[in-house]
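S.K.: Pasted the sequence and its predicted model underneath.
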Amino acid sequence: VQLVESGGGAVQAGGSLRLSCAASGNIFRINFMGWYRQAPGKQRELVAASATGGSTTYTDSVKGRFTISRDNAKNTVYLQMNSLKPEDTAVYFCNTRAITFSDMSRWTEYWGQGTQVTVSS
């Protein structure tokens with residue numbers, strides 16, 4: 001399974017960015033799709049997540065500013081980021097848990113390569 005991310009970049013505070021992550025490969029089923037981020041010197045943290053059934057969760061610092069959405073037919077997850085702040089600066093990673101046709105006995109976790117988001121004040 002491969003996760004290909006796009007949409008990162010540099011913006012000024014108050015701006016917006018939209019991240020996309022498309023999963024491809026030997027996928028039988030996907031459950032969780034989400035976005036994590038890691039700032040320099042900090043631990044990776046969950047930003048937003050979406051379960052297949054439609055439930056979503058957000059870390060407190062992005063509630064009301066970020067929106068996660070999915071296109072299940074395309075195995076793609078999006079993260080719309082509005083009202084960006086300098087503290088949102090980080091590398092953003094896409095994450096999913098999937099069952100593949102080659103191993104249908106368990107869920108496996110996959111990560112994207114990361115995309116840089118830089119917000120200047």
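M.R.: Sure, I can see it. Residues are numbered from 1 along each chain as shown.
S.K.: Just grab the bridge partners of the residue nearest the centre of the chain for me.
M.R.: With distances taken as C-alpha atoms, centre = their mean, the residue of the chain nearest its centroid is W35 (2.5 Å). Taking DSSP bridges as the rule, W35 bridges to A48, C94.
S.K.: got it, and Y78?
M.R.: Listed beta-bridge partners, Y78: S20, S69 (assigned using DSSP bridges).
S.K.: any idea how far it is from T108?
M.R.: Using C-beta to C-beta, to the nearest Å, Y78 is found at 22 Å from T108. From N, CA and C alone the C-beta is placed, and that goes for glycine too.
S.K.: between the two, who's got more neighbours?
M.R.: The neighbour count for Y78 versus T108, taken as other C-beta atoms under 10 Å, is higher for Y78 (19 against 12).
S.K.: Quick check: the more buried one touching A22?
M.R.: No - checked against C-beta atoms under 8 Å, the pair Y78 and A22 is beyond contact range at 9.9 Å.
S.K.: and for those two, which residues touch both?
M.R.: Here Y78 and A22 share no contacting residue, scored by C-beta atoms under 8 Å, 6 or more residues apart in numbering.
S.K.: rewinding a little: show me what contacts the residue nearest to the centre of the chain?
M.R.: W35 neighbours (C-beta under 8 Å, 6+ apart): 19, 21, 46-49, 68, 77, 79, 92-95.
S.K.: Go through those and name the one nearest V4.
M.R.: Using C-beta to C-beta, C21 comes nearest to V4 of those, at 6.9 Å.
S.K.: can you tell me which residues contact the closest one?
M.R.: Contact analysis of C21 by C-beta under 8 Å, 6+ apart lists 3-6, 33, 35, 76-78, 94, 96, 112.
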